[in-house]
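Asks: Pasting the sequence and the predicted coordinates here, then a few questions.
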Amino acid sequence: MFQLPLAIPPHLKRSYRIARVFLYVFFIAGTSLFLVQTFFPTLTFSFNFRTPSSSKNSLLDPHSDKDIPATNGKITQNEMFITTASAIGEFSLADISFSLEKKSALPNTLEVTLKRSYRSFFLPTGVPLTNFPEESLYRVDDTYYALRDGTLYPFVSDNAYLSRYPDTFAIDESRDFLANHLVSEEWIGYRVGSLVSFADGVFLIVSETEMRPFGSPEILLALGYRFEDVRPASEEEIGIYKRGRIILIGTQHPDGTLLLDTDTNTYYLIEDNLKHPLESGDYRNFIRSKQTPIVVSSKASEEEAKCTFEPGLFGQSFSCQTEVASLHSGFGNDFRVTIEKSDTDIDISTLQVSFESVKSKQNMRLILSKIKQRLLSRFGVNQ
C-alpha cells in the first residue's frame, strides 16, 4: 500500500536545510574538482634507481653529461645528471623531488634546470654533411642494386630505391652483370627515417631491419611528423622488416630524421646519435623533397626554468618548485631535466618530476581530443 513520505519534525527542519545546503556544496565542489583534475591534470614522472629495469619508470634515459648511463642513481661531485620527461600540453609549474639512500652524503648545494625541445635536438652536433652516402648503384631490368664488398644487394622496390637516391645515380647493366657477382638474399628497403603505411597502421622505419608503429595519430603529430609524408607500402616492402615496439611520446627520432632550426635556418640530419648540419647542395635538396623537416627552435631549446633543492622534513628527501610557463610546446614535448652543482657525491634512491597543467582553453581542447580518440578507438571507429 502506498505510503506518504514522513514529515520532518519542526525542530529538525532547520538542521535539514543546513544539511541539504552542505550536501549541494559538497557535490558542486566535488564535481568541480573532478573536472579540474580531468581537464587540467598534474602529470607525474618518476624513476626508482633500485629497480632501473622496471616498466613503471617513466623518466627516460638517465645519464651523465659524459653520456654514461646513470641508472644506479649515483651522481659524483660537480657531475651533471640528465634525464627526460615527455608530456604534451602547456604547464605552469614543475615540482622536482628526490630521496637519497640512507648511507648517501647530504648535499649543501644542488640545482635542477629544465629545458624543452625534442630529444633529438638535444643531441650533440656532429660534422656537417654535404654529399650522398657513397654507394655503387646499378639497375638490371627493373631492379635496382647496391654493390657492397663484391655482393649485389637488391632494393625491394623502385620506391625504396627512390627514397634514398635519384634515379640517375644507377648505372644500367645487362643480366650478364648479375652472373659475375654474388646476389644477396637480403633486401634493401626504404631510407631510414621514412614514414610508411600498410593496412591500418603507420610505421616509422628506424633501422635497415626494423619498423615501429605509432601508438596513435596524436603521437605521430606530437613528434613533429606530418601525415602528408606517409607513403603507402606494399606487403612485400613491409615484409623485410621486423616489427618493433610501439612509438610513444618521448621516443627519440631515429637516424634519417630531418630537423629545421627556424632561428638559424639550419637543417640537421640525425645520424649515429648526433645531429649533423646538412649544408646546402643536391643532398640536402633531395632529403627535403622526401621528408618535411621537423621544426625546432634553438632559442626555445635554450629557455630555462631552474630552482635550488631544499631539504624536506626527512633528512634524505629534497625538493624544489619552478615556473615552466615559458617552456612552450610548439617546438617539442621533451623536458630535459638536469641536476647539477652538487658539492658532494650523492646516491639517489627515487626521483620524481611533476607538471601542473595551465588552465587554458587550449589544454581543455587537448584533453577533449584525447577522450574522443580513446572512445573512437574503443569502439573501433577510425577518423
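Replies: Great, that's in hand.
Asks: Only C-alpha atoms from now on, for both contacts and neighbour counts.
Replies: OK.
Asks: Strands of the stretch 251-383 of the chain, residue ranges please.
Replies: With DSSP state E, counting those that start in this stretch applied, the stretch 251-383 of the chain shows strands at 258-261, 266-271, 274-277, 294-296, 305-308, 310-311, 317-323, 334-340, 346-357, listed in chain order.
Asks: For residue 241, see how far away residue 156 is.
Replies: 11 Å (C-alpha to C-alpha, to the nearest Å).
Asks: Of these two, which one has the most company?
Replies: Neighbour tally, residue 156 and residue 241, criterion other C-alpha atoms under 10 Å: the higher count belongs to residue 156, 21 against 18.
Asks: Name all residues that make contact with the more buried one.
Replies: 187-189, 236-237 (C-alpha atoms under 8 Å, 6 or more residues apart in numbering).
Asks: mind running it again at 7 Å?
Replies: 187-189, 237 (C-alpha atoms under 7 Å, 6 or more residues apart in numbering).
Asks: Format these as CSV; extra columns: secondary structure and distance to residue 46.
Replies: Shown next, in CSV, are those (DSSP: H, G, I helix; E, B strand; the rest coil; distance: C-alpha to C-alpha, whole Å):
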residue, secondary structure, distance to residue 46
187, coil, 42
188, strand, 40
189, coil, 38
237, helix, 39
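Asks: so which of those residues is the most crowded?
Replies: In terms of neighbours by other C-alpha under 10 Å, these top out with residue 189 at 25 neighbours.
Asks: Pretty sure it sits against residue 159.
Replies: No - counting by C-alpha atoms under 7 Å, residue 189 does not reach residue 159; the two are 8.8 Å apart.
Asks: mind putting the strands of the stretch 251-383 of the chain in a markdown table, distance to residue 230, mean neighbour count and mean pLDDT included?
Replies: As requested, the strands of the stretch 251-383 of the chain are exported to a markdown table (distance: least, C-alpha to C-alpha, whole Å; neighbours: other C-alpha atoms under 10 Å; pLDDT from 0 to 100):
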| stretch | distance to residue 230 | mean neighbour count | mean pLDDT |
| --- | --- | --- | --- |
| strand 258-261 | 15 | 23 | 98 |
| strand 266-271 | 19 | 22 | 98 |
| strand 274-277 | 23 | 22 | 98 |
| strand 294-296 | 14 | 20 | 97 |
| strand 305-308 | 36 | 19 | 97 |
| strand 310-311 | 48 | 17 | 94 |
| strand 317-323 | 38 | 19 | 96 |
| strand 334-340 | 23 | 23 | 97 |
| strand 346-357 | 32 | 20 | 96 |
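Asks: Kindly report the domain assignment for this protein.
Replies: Listed by automatic domain parsing, the domain ranges of the chain are 41-110+309-358, 136-298.
Asks: who wins for proximity to residue 14 among those domains?
Replies: domain 41-110+309-358 (39.1 Å; C-alpha to C-alpha).
Asks: Next, the contact list for the residue nearest the centre of the chain, please.
Replies: Geometric centre of the chain, nearest residue: residue 250, 2.1 Å, by C-alpha atoms, centre = their mean. Contacts here follow C-alpha under 7 Å, 6+ apart; on that basis residue 250 touches 86, 334.
Asks: from memory residue 86 sits against residue 337, does it?
Replies: No - contact status for residue 86 versus residue 337: not in contact, 10.4 Å apart, counting by C-alpha under 7 Å.
Asks: What segments of the stretch 1-150 of the chain are strands?
Replies: Along the stretch 1-150 of the chain, the stretches classed as strands by DSSP E, counting those that start in this stretch are 42-48, 60-64, 74-75, 81-86, 91-100, 111-117, 136-140, 143-148.
Asks: Reformat the ones you listed as a markdown table; add distance to residue 226, mean pLDDT and mean neighbour count.
Replies: Listed next are those as a markdown table, based on distance: least, C-alpha to C-alpha, whole Å; pLDDT from 0 to 100; neighbours: other C-alpha atoms under 10 Å:
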| stretch | distance to residue 226 | mean pLDDT | mean neighbour count |
| --- | --- | --- | --- |
| strand 42-48 | 26 | 96 | 19 |
| strand 60-64 | 25 | 96 | 19 |
| strand 74-75 | 39 | 94 | 20 |
| strand 81-86 | 19 | 97 | 23 |
| strand 91-100 | 25 | 96 | 21 |
| strand 111-117 | 18 | 98 | 23 |
| strand 136-140 | 30 | 97 | 19 |
| strand 143-148 | 28 | 97 | 18 |
